[in-house]
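J.: Could you look at this predicted model? Sequence included:
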Amino acid sequence: IIELATIVKEARSKPMPISHDITSHVLPFEYYIFNKYGKKSYTWFGPKPRIYVADPELIKEILLKPEEFQRPHREPLRDSIIGGLVVSEGHKWAKHRNIINPAFHLESIKRMFSAICLSCSEMISKWELLTAGSSEAEVDVWPFIDNLAGDVISRAAFNSSYEEARNIFCIQKEQMELALQLLFLLYLPGGRLIPTKANNKFKENRNKLQTLAKDIVDKRKKAIEMGETSNNDLLGILLESNAKEIHENGVGMSMEDVIEECKLFYIAGSETTSTLILWTMVCLSLHQEWQNKARQEITQVFGSGEVHYEGLKHLKIVTMILNEVLRLYPPATMVLRATHKETKLGDMTLPSDVNIIIPIIRVHHDPEVWGGDASEFKPERFSNGIASATKGKGMGCFLPFGGGPRICIGQNFAMIEAKTAIAKILQRFSFELSPSYKHSPFAMFSLPPQFGAPLILHDI
Ligand code: HEM
């Protein structure tokens, strides 16, 4: 235990050398376990066994059997801030997923595209102000990109209530930080009831979030009852789909459920997407040849004009780059499952109540899957698509968005947002790492840079 605690503390306390070989820094504990005990290992975590599975075939088996391998039913950290789809199971999950799905179809996202563009343009205008008067400037791009993803969700999900929705984003961010401060109390039975300052703030924020989200949903429902059509944002499409379900089958989602989903969009969809955009900028700073190739492609497709929705599907090089970044820097570094009765997995029989950890980042850096250059940045791997990059070995090898029936519902949304942001940034700036840059991917709810990301932006 002392050895492991020292490894984790060491890895977390300082930046790492600049390299894409980040697994030992990001998940030091899991890295240690795998190196010592192999791709199927287990530890005891208190009274519970915890299995680590990094074998692509077993991962596929787990993800394709969501009834047998459900998300852990009690996960104090997750449950303290996440509700909605992520924590529901079985019939309730299937019904809700079915109702929410239309909001994430490509046709729906197309209607939100102007909201995505507006938020990207606003971020770029801020960078232009910082570079104004000289041809270059050092900018810590992380806070801007982090803010961008929250801004995009606020507009794309709650168009007409943008200002109130921004408050949800800010409070959710604060909740994520507070949850980490409260980590010990969250796992301590009754710990949430102890009236510490952080606990009280957490409760106060929870109530505020509920009121804000409820007000937005109530306002929208009233507007729809008054005859306003409202199908150009996530909330509008979700309410429309829910009304259809109630009309056809008598039962849909309750308004409490809709409110939970609205809050979830921020937790599941903002920092994950912002870390994808951030690490793409870092990788393109380190690999200028790919930055140039991507810019050339963007110029071919859009010239110096506006980035448009139809053009995004012609961005082959940008897509290859994003896939390679998702492989090396997966925003969700692991997914969790648990058994709830005795369950077969490969040639093992697992007892009930075993936690299962799928360390996505470890699989994505595995030389046995990706070859000896697994931790090098080589977007050309994806030149013939994902199936060819994984040599037909399937979803267990490349799973930035998870896999199987519970695959990320927002993956199209995230990719469109990331492509738009990268295209707009590359049209306007070239960039490189600042000498003060410290490499610090840090696994928390996603994979943010622990010490920010100062880059030198050059006007072009
Ligand atoms: C689920 C990753 C963006 C909403 C997931 C899962 C992963 C993931 C790995 C599966 C978790 C599991 O199996 O336990 C990502 C990444 C993103 C991203 C890497 C960005 C690059 C988004 C966005 C939204 C979103 C933009 C919505 C606005 C969700 C939801 C689920 C989910 C609701 C739960 C799906 C279900 O259980 O049916 N995401 N996500 N995600 N994601 Fe994302």
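T.: Alright, I've got the coordinates.
J.: Any figure for the gap between Lys201 and Ile360?
T.: As judged by CB to CB, to the nearest Å, Lys201 and Ile360 stand 32 Å apart. Heads up, the C-betas are built off the backbone N, CA and C, glycines and all.
J.: And those two? Which one has more around it.
T.: Neighbours per residue (other CB atoms under 10 Å) separate Lys201 from Ile360, with Ile360 holding more: 25 against 15.
J.: For the more buried one, which non-adjacent residue is spatially closest?
T.: Nearest residue to Ile360, sequence neighbours excluded (CB to CB, 6 or more residues apart in numbering): Pro330, at 4.7 Å.
J.: now do Pro15
T.: Take Pro15 and drop its neighbours on the chain: the residue closest to it by CB to CB, 6+ apart is Lys438, 3.7 Å away.
J.: What values do phi and psi take at the one you found?
T.: When quoted as degrees, to the nearest 10, the phi and psi of Lys438 stand at phi -120, psi 130.
J.: Tell me the confidence at it?
T.: pLDDT for Lys438: 96.
J.: now do the one 4 residues further on
T.: In this prediction, Phe442 carries a pLDDT score of 91.
J.: again with Lys14
T.: Model confidence at Lys14, given as pLDDT, is 84.
J.: Tyr52 too?
T.: In this prediction, Tyr52 carries a pLDDT score of 91.
J.: Going forward, count from 312.
T.: From this message on, residue numbering opens at 312, which makes the last subject Tyr363.
J.: Using the three-state scheme, assign it.
T.: With DSSP: H, G, I helix; E, B strand; the rest coil as the basis, Tyr363 sits in strand.
J.: And for Ser541?
T.: Here Ser541 takes the coil state, with states given by three-state DSSP.
J.: what about it, neighbour count?
T.: Under the criterion other CB under 10 Å, the count of neighbours that Ser541 has is 16.
J.: cool, the one 4 residues further on as well?
T.: Applying other CB under 10 Å, we find 26 other residues in the vicinity of Leu545.
J.: So it versus Phe576, what's the distance?
T.: According to CB to CB, Leu545 stands 6 Å off from Phe576.
J.: shared neighbours of these two, anything?
T.: Applying CB atoms under 8 Å, 6 or more residues apart in numbering, one finds that Leu545 and Phe576 are jointly contacted by Ala468.
J.: before we move on, back to that, thinking the residue nearest to Pro326 is in contact with Phe762, fair?
T.: Yes. With contact defined as CB atoms under 8 Å, Lys749 counts as touching Phe762 (4.4 Å).
J.: Give the residues shared as contacts by those two.
T.: Pro326.
J.: Next up, the contacts around Leu550.
T.: Shown here is Leu550, whose contacts under the criterion CB under 8 Å, 6+ apart are Val528, Arg531, Lys532, Ile535, Ser541, Val569.
J.: Lowest-confidence member of those residues, which is it?
T.: Of all those, the model is least confident about Ser541, whose pLDDT is 73.
J.: separation between that one and Asp568?
T.: Distance check for Ser541 against Asp568: by CB to CB, it reads 19 Å.
J.: Quick check on Arg422: phi, psi?
T.: phi -70, psi -20.
J.: Show the contacting residues for whatever residue of the chain ends up closest to the ligand.
T.: Nearest residue of the chain to the ligand, counting by CB to the nearest ligand atom: Gly721, 2.2 Å away. Residues touching Gly721, when contacts are defined by CB under 8 Å, 6+ apart, comprise Phe415, Phe576, Ala579, Gly580.
J.: Roughly how far does the third one sit from Ala467?
T.: It stands for Ala579. Using CB to CB, one gets 14 Å for the distance from Ala579 to Ala467.
J.: picking that back up, the residue nearest to Pro326: neighbouring residues, count only.
T.: Counted with other CB under 10 Å, Lys749 comes out at 16.
J.: sorry, back to before: if you rank the contacts of Gly721 by neighbours, which is first?
T.: Ranked by the number of neighbours (other CB under 10 Å), the contacts of Gly721 place Phe576 first, at 28 neighbours.
J.: tell me the SS of the residue nearest to Ile671?
T.: Applying three-state DSSP to Pro641 yields a three-state assignment of coil.
J.: Phi, psi for it please.
T.: Dihedral angles of Pro641 (phi, psi; degrees, to the nearest 10) stand at phi -60, psi 120.
J.: Show me which helix runs longest in this structure.
T.: For the chain, the helix with the greatest residue count under DSSP state H is helix 508-536.
J.: Report all helices and strands that that one contacts.
T.: Contacts defined by 3 or more CB pairs under 8 Å, 6 or more residues apart in numbering; DSSP states H and E place helix 508-536 against helix 473-492, helix 545-560, helix 566-580.
J.: Taking helix 566-580 as reference, get the angle to that helix.
T.: Interaxial angle, helix 508-536 versus helix 566-580 (axes from the mean of the first three to the mean of the last three CA atoms, to 10 degrees): 120 degrees.
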